[in-house]
Every structure is written in C-alpha cells, then in structure tokens.
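**Q** I'd like to go over a predicted model; first the sequence, then the structure.
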Amino acid sequence: MFGWLWGRHIIWGWKAKRHRLTGGLLFVLLFILVLSGYFLYYPPSDGAFPVIAVLHWTFGLALLIPFFLHRYWRPSKKR
C-alpha cells in the first residue's frame, strides 16, 4: 500500500506543495508504525514487548488526527 501511495500520491503532492505539513506528519507516523510493528514481531528483549505494544497503539491512534486533517482540511488560498 505504501509503495502505491509513494508512486501515485506522495511524490505528486510534494511537488505540488500541497498538504506538506500533514502529509509529512503522516509519513513520519507511518514510518514509526512500521518500525514498532517490526519490533512487535521481533522484540529486542522480552521486557520490551509491552512498551512497544503501547507505543504502537498510541501512534496508530494518533495517526487518525493528521489523516483526517490531510484528507479534509482545505487551507485558505493566498492572494
């Protein structure tokens, strides 16, 4: 899914200078989710699993805010 977004949406949007703040934040949060998901599957230690699980849930829920801002927020046009 991310590969499709990269090729069809992210590069075009970045060049068009549209929604860079929310798009950049989404990119960072998705990257953190991928890393934390990897560490959930391959935890660095047994004690780290609960901490990583809470962080993964927190970043996953926090992703909703920039997603909806990115999707529905229309900045006013500069004159």
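**A** Looks like it came in fine. Numbering: from 1, shown residues only.
**Q** now do the buried residues in the lengthiest helix in the chain.
**A** Scanning the chain for the helix with the most residues, using DSSP state H, yields helix 20-41. If you call a residue buried by 16 or more other C-beta atoms under 10 Å, then helix 20-41 has these buried ones: 22-23, 25-27, 29-30, 32-33, 36, 39. Every residue, glycine included, has its C-beta placed from N, CA and C.
**Q** what residues does it touch?
**A** Helix 20-41 is contacted by residues 2, 10, 13-14, 48-49, 52-53, 55-56, 59-60, 62-63, 66-67, 69-70, 73 when judged by C-beta atoms under 8 Å, 6 or more residues apart in numbering.
**Q** let's go with 10 Å and repeat that
**A** Identification of contacts with helix 20-41 by C-beta atoms under 10 Å, 6 or more residues apart in numbering yields 1-2, 5-6, 9-10, 13-14, 19, 48-49, 51-60, 62-71, 73, 75.
**Q** the least confident helix or strand in the chain by mean pLDDT packs against which elements?
**A** Ranking every helix and strand in the chain by mean pLDDT, DSSP states H and E puts helix 2-5 at the bottom, with a mean of 80. Helices and strands touching helix 2-5, by 3 or more C-beta pairs under 10 Å, 6 or more residues apart in numbering; DSSP states H and E, are helix 20-41.
**Q** so for the helix or strand following the helix it packs on, mean pLDDT?
**A** Of the helices and strands lying after helix 20-41 in sequence (DSSP states H and E), the nearest is helix 49-62. Mean pLDDT, computed over helix 49-62, is 94.
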